[in-house]
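Engineer: Take this sequence and fold it.
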Amino acid sequence: MPIYEFRCLKCQECFEWLVISKNDEVEMKCPKCKSEKFERIISSTNYAVDNPGGNSGVKSTTRTCSSGSCTTYEIPGPTR
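Structural biologist: As a prediction, this is how the structure comes out:
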């Protein structure tokens, strides 16, 4: 059951929506202003490792290009 995040285009309120079944029809509205105009936004994630040794195993690579820079994080765990 994924949780999607949205931003209201009228009042800029951000809110989450839990999707129980993709076949269910629901009337989605902004919880603050009741507008039906919103956009889906990319969710941020948090990552924490309890490692007494101080090394979390997370590796980062930062690249720079003409439009700025970006960082990619390699998080330990199972791979596909």
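Engineer: switch to C-alpha atoms for all contacts and neighbour counts from now on
Structural biologist: Fine.
Engineer: Nearest to the middle of this structure, which residue? Look it up for me.
Structural biologist: Ser43 (1.2 Å; C-alpha atoms, centre = their mean).
Engineer: residue contacts, that one?
Structural biologist: The contact partners of Ser43, taken as C-alpha atoms under 8 Å, 6 or more residues apart in numbering, are Tyr4, Glu5.
Engineer: how near is it to Cys30?
Structural biologist: 17 Å (C-alpha to C-alpha, to the nearest Å).
Engineer: Over to Phe15?
Structural biologist: Phe15 is 7 Å from Cys30, by C-alpha to C-alpha.
Engineer: Strands of the protein, start to end?
Structural biologist: 3-8, 14-18, 38-41, 59-65, 68-74 (DSSP state E).
Engineer: how many neighbours does Phe38 have?
Structural biologist: 19 (other C-alpha atoms under 10 Å).
Engineer: Name whatever forms a beta bridge with it.
Structural biologist: Cys8 (DSSP bridges).
Engineer: isn't it right next to Cys11, touching?
Structural biologist: No: if you go by C-alpha atoms under 8 Å, Phe38 and Cys11 don't touch, sitting 9.5 Å apart.
Engineer: Low-confidence bits of the chain, can you list those?
Structural biologist: Along the chain, the model assigns pLDDT under 70 to residues 1, 44-56, 77-80.
Engineer: The same query, at a cut-off of 80, please.
Structural biologist: Applying pLDDT under 80 to the chain picks out residues 1-3, 19-26, 42-59, 65, 67, 73-80.
Engineer: what number of residues lie near the residue nearest to Gly57 when sequence neighbours are not counted?
Structural biologist: Of all residues not flanking Gly57 in the chain, Pro76 sits nearest, at 6.2 Å (C-alpha to C-alpha, 6 or more residues apart in numbering). Neighbour count of Pro76, defined by other C-alpha under 10 Å: 11.
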